[in-house]
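J.: what shape does this take:
(one chain, ligands or ions: 1)
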Amino acid sequence: MSSIQESTSKVIARTKTDWNIPASIVSRRTINPIRDVVFKMKVTPNPEKEEISLALGDPTLYGNLNVAENCIDAVITQLKSHKANGYLPAVGAESARIALAKKFSTKEAPLTPRDIVVASGASDALGLAIGALCNEGQNILLPRPGFSLYQTISESKGIECRYYNLLPDRNWEIDLDHLASLIDDNTACLLINNPSNPCGSNFTRQHLECILTLCEIYKLPVISDEIYEDMVFGDNIFYPLANLSETVPILKISGLAKRYLVPGWRVGWIFIHDRNNLLNEIRDGLASLSNLILGANSLIQSAIPDIIMNTPQSFYDATNRFLEENAKLSASFLKKISGLHVISPQGAMYMMIGINVGEFKDIKNDVEFSEKLVQEESVLCLPGKSFHYPNYVRIVITAPVEKLKEAYQRINEFCVRHHV
Ligand SMILES: Cc1ncc(COP(=O)(O)O)c(C=O)c1O
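T.: Numbering: from 1, shown residues only. Predicted structure coming up:
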């Protein structure tokens with residue numbers, strides 16, 4: 001008996017005598033499908049060719065897309081003020097919530113600061129929204145193909161993921177019949193992502209209205225991930241989902257990462273759109289959950305009013321113009337390559353390319369396509385398997401034009417070499 005046991009009159013219930021420290025159940029069921037697929041891939045680039053990555057959804061990767069000067073000044077001002085170093089309310093700085101409400105309120109979907117929760121990136125906002133709406137054992141409806149973090153967050157919380165199909169030949173609209181077939185009494189909410197990662201699609205107003213009708217019928221609240229809001233090209237118009245419904249409760253997710261080209265600043269937000277007071281408990285739930293990390297980065301939050309009010313329209317226009325030109329160039333280049341099926345993007349920063357595997361002599365699937373492309377041409381793209389969508393690959397279109405052209409030239413040579 002140890003001296004500590006001798007010196008206490010309490011009976012110690014613990015019988016363990018050996019060290020054994022297993023990882024928790026929650027940590028073991030927290031899986032990033034992209035890592036899972038990519039770590040298993042044989043991805044040694046060809047040492048003779050410079051690596052070109054079209055795999056990472058980070059617009060800062062090549063240094064060609066930069067944050068607006070006024071945003072940098074806004075952060076410097078906050079830093080020098082010595083007023084942005086402390087803790088803020090867990091749901092977000094009041095100044096940030098006032099500015100966000102003012103900037104994003106519309107006649108159709110008004111917002112007050114009370115309707116806003118600031119989070120550590122859209123990722124954290126998604127975690128809060130899913131955590132507030134869904135219980136362990138319930139199910140959530142997710143897009144296929146879709147951003148893999150939805151699965152990571154949901155499975156981590158013990159929520160069943162049910163995947164509704166997107167239709168590539170209808171600009172990745174939702175197959176609404178399939179979606180409806182997945183709903184049951186245990187369905188906690190629908191998650192949609194528009195404009196889409198990985199599809200680069202943008203839903204029409206009519207399609208969004210059909211989705212809302214379905215939610216109205218089945219009484220489903222929606223998490224609407226609009227992190228790529230307004231990043232659309234040509235004749236496409238972006239409609240915030242909440243502008244189109246007075247009845248369906250919606251948690252809209254967005255943030256600074258993509259529109260302001262600062263994913264590393266880690267600030268996102270949730271807008272609670274609830275005209276009929278159906279989300280009162282959810283509001284409280286979001287506030288409780290925001291205490292888990294005591295709120296987002298105070299320096300960047302404090303700069304939000306300046307960032308969102310003073311960034312010139314010309315900055316957003318220039319980003320969209322760049323993405324649109326790259327989207328056009330990508331589609332026209334890749335469409336000429338035999339064996340590929342190209343769907344032109346309408347928004348965001350991505351496009352999905354179908355691989356007609358039957359037309360290749362020695363490529364069985366998207367993972368092999370991506371592996372061989374790295375090994376032979378040092379071009380990296382993500383296999384569709386990471387989005388539950390085999391025989392497609394996702395490419396990111398934010399690289400400088402010259403890099404894209406070089407990458408597509410190499411993809412062309414690769415496809416010619418492997419085509420039957
Ligand atoms: C669809 C989608 N939602 C959310 C996020 C996460 O954004 P954040 O960097 O603000 O966490 C991303 C990032 O790539 C995304 O593509």
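
J.: now do the contacts for Leu149.
T.: Asn32, Ser123, Leu126 (CB atoms under 8 Å, 6 or more residues apart in numbering). Where you see a C-beta, it was placed from the backbone N, CA and C, and this is true even at glycine.

J.: switch the cut-off to 10 Å
T.: Taking CB atoms under 10 Å, 6 or more residues apart in numbering as the criterion, Leu149 is in contact with Asn32, Pro33, Ile34, Ala122, Ser123, Leu126, Gly127, Ile130, Asn197, Asp225.

J.: among those, who's most crowded?
T.: Using other CB atoms under 10 Å as the neighbour criterion, Asp225 leads the contacts of Leu149 with 29 neighbours.

J.: is it true that that residue touches Ala257?
T.: No: using CB atoms under 10 Å, Asp225 and Ala257 do not qualify as a contacting pair, with a distance of 11.7 Å.

J.: before we move on, back to that, inside helices: which ones of the contacts of Leu149?
T.: Using DSSP state H, the members of the contacts of Leu149 that fall in helices are Pro33, Ile34, Ala122, Ser123, Leu126, Gly127, Ile130.

J.: is it possible to export the residues you listed to JSON lines including pLDDT and distance to Trp19?
T.: Shown next, in JSON lines, are those (pLDDT from 0 to 100; distance: CB to CB, whole Å):
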{"residue": "Pro33", "pLDDT": "84", "distance to Trp19": "32"}
{"residue": "Ile34", "pLDDT": "81", "distance to Trp19": "33"}
{"residue": "Ala122", "pLDDT": "98", "distance to Trp19": "40"}
{"residue": "Ser123", "pLDDT": "98", "distance to Trp19": "34"}
{"residue": "Leu126", "pLDDT": "98", "distance to Trp19": "37"}
{"residue": "Gly127", "pLDDT": "98", "distance to Trp19": "32"}
{"residue": "Ile130", "pLDDT": "98", "distance to Trp19": "35"}
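
J.: ok, and which of those residues reach the ligand?
T.: With CB under 6 Å from any ligand atom as the criterion, the ones in helices among the contacts of Leu149 include Ala122, Ser123 near the ligand.

J.: could you dump the ones in helices among the contacts of Leu149 into a markdown table and include distance to Glu281?
T.: Shown next, in a markdown table, are the ones in helices among the contacts of Leu149 (distance: CB to CB, whole Å):
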| residue | distance to Glu281 |
| --- | --- |
| Pro33 | 31 |
| Ile34 | 33 |
| Ala122 | 23 |
| Ser123 | 24 |
| Leu126 | 19 |
| Gly127 | 18 |
| Ile130 | 15 |
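
J.: nearest to Pro305 among the ones in helices among the contacts of Leu149?
T.: Among the ones in helices among the contacts of Leu149, Ala122 lies closest to Pro305 (CB to CB), at 19.2 Å.
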